[in-house]
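Colleague: dropping the sequence and predicted coords here.
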Amino acid sequence: MCGREHGSGGTDSSVLLKMNTETEKRTKFAVGHFLTKKPDDPQSFAELAKRYASRLREVYFAWPGLLNGRPTGLRKENEEERIISDLQCCREHGMKLDLLANATCYGEKACTADQRHQLTGIVERLASAGLYPEIVTTTSPYIAKLFKVEFPDIEIRASVSMRLRNTLAFEYLAPLFDSYYICRDVQRDLPTFRGMAAWCRDHGKKLCMLVNSGCVRNCPWQVFHETLHAHDFYGALPEMYAQGLDFICRTVFKSGHPADFLRCSWIRPEDVHVFEPELESIKLSTRQVRYPFEIVEAYLSGTYDGNLLRLMDPYPGAFFRPYRIDNKSFPSDWVTGGIAAKCAENCTHCGKCEEILRNTLKYDVDYDVRASSLSFTNNTYLKAPERKPSGQLELSPGFK
């Protein structure tokens, strides 16, 4: 719980809560729940909720034992109780609750009575704690139909992992889904985005967007990677690496191709306003990131004077050291001018991204110090990277 203390002669915290909720503008941002090893960690979700909940619209969360879009890892002590406590804090601040049932694969449990009983049991458990969810996000048409029948008052949202690229996909899902995450690969293309948003308005649906994905755009490994996530199947990694395989994002960035980061699907904090009027929810990926507080602060404020890599999930910064991407060095028309839009759909390597990279890729003297810090980066430590006579960036052996 958020905690309510009644100091002698002070203002009741419930009154302060109401005052804060009324004075701070609630945004459309959704934040992902996470658990630290210790409940009293100063970087725990409970602390994040206390600081930002009144300015956030939604919290999306996984429930122990239910496969979702991320590996669950080792179970933590008092896991359910801690999740409930965090969600109660969010609920007290007026945030909507979004239950995740968004695994790419449910294996032999998919579309079975066991899965139905598991899901109805979870909703009943949440309801008993006063946490009946407003939303369920799923990749499964079976789960969508189950909620339509059993819990018709819960909004059913199509996961970003369904990769919905056009209005025809929306049309096919319309009988079961109330809202949709737009496919990351097309969301920067403003005509496509606006066309999909218009369809949602015309058909009584809602559009959502994930804005800080560090995944490469149009990744053909996505289903494979997300299936490993769904089943915690990381015992496969030693064999994969033994065979000389690695995920595409790691391969690209380790090979010294930083321009591919510019071709990804992320939206800078300064550019969210271009998309926000058309969106129901703006998802911040914070469930398994290095700098959750920094991500939330940057997007809530709409500006960020630091290393853009630090806002991404997954975090690619280790492959860029000792370089960083200076967020404030992007051109003002990065989104509206079309540079960030369709190029990565059928990239011809025309040199536009490389030209922007010359202004945004900076050498960072103290990257080791700041890598362990949660504070924003100080631009006094930036200097231009060295270049070969040909104009090619001279990347360090560590980058390659």
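Modeller: That came through, no problem. Numbering: from 1, shown residues only.

Colleague: what does the helix or strand containing residue 275 contact?
Modeller: For residue 275, the host element (DSSP states H and E) is helix 272-275. The contact list for helix 272-275, computed with C-beta atoms under 8 Å, 6 or more residues apart in numbering, reads 187, 190, 193, 209, 211, 267, 282, 299, 302, 335, 336. Just so you know, the C-beta spots here come from the backbone N, C-alpha and C atoms, and that holds for glycine as well.

Colleague: excluding sequence neighbours, find me the nearest residue to residue 25.
Modeller: Here the nearest residue to residue 25 in space, its sequence neighbours aside, is residue 55; by C-beta to C-beta, 6 or more residues apart in numbering that works out to 7.0 Å.

Colleague: list the buried residues for stretch 328-337?
Modeller: Across stretch 328-337, burial judged by 16 or more other C-beta atoms under 10 Å covers 329, 330, 334, 335.

Colleague: check those against residue 66 and report the nearest one.
Modeller: residue 335 (36.0 Å; C-beta to C-beta).

Colleague: got the phi/psi numbers for the residue sitting nearest the centre point of the chain?
Modeller: Nearest to the geometric centre of the chain sits residue 285, at 1.9 Å (C-alpha atoms, centre = their mean). Residue 285 has phi and psi values of phi -80, psi 110 when expressed as degrees, to the nearest 10.

Colleague: correct me, but it touches residue 313?
Modeller: Yes. Here residue 285 reaches residue 313: they are 3.8 Å apart, a contact under C-beta atoms under 8 Å.

Colleague: just to revisit the earlier point, now do the residue nearest to residue 25: how many residues are near it, please.
Modeller: Residues lying near residue 55 (other C-beta atoms under 10 Å) number 17.

Colleague: run the chain-centre distance for stretch 142-152.
Modeller: 25 Å (C-alpha atoms, centre = their mean, to the nearest Å).

Colleague: does residue 193 really touch residue 276, like I thought?
Modeller: No. If you go by C-beta under 8 Å, residue 193 and residue 276 don't touch, sitting 11.6 Å apart.

Colleague: neighbour count: these two, which is higher?
Modeller: Neighbours per residue (other C-beta under 10 Å) separate residue 193 from residue 276, with residue 193 holding more: 20 against 16.

Colleague: doesn't that one fall inside a helix?
Modeller: Yes. Counting by DSSP: H, G, I helix; E, B strand; the rest coil, residue 193 falls inside a helix.

Colleague: can you give me the pLDDT of it?
Modeller: Looking at residue 193, its pLDDT reads 96.

Colleague: how about the one 10 residues further on?
Modeller: At residue 203 the predicted local confidence, pLDDT, stands at 98.

Colleague: before we move on, what about residue 9?
Modeller: In this prediction, residue 9 carries a pLDDT score of 37.

Colleague: use 24 as the first number for this chain going forward.
Modeller: I'll keep to 24 as the first residue from here, and by that count the last item is residue 32.

Colleague: for residue 250, which non-adjacent residue is spatially closest?
Modeller: Closest residue to residue 250 in three dimensions, ignoring its sequence neighbours and counting by C-beta to C-beta, 6+ apart: residue 128, at 4.8 Å.

Colleague: now do residue 120
Modeller: residue 156 (4.3 Å).
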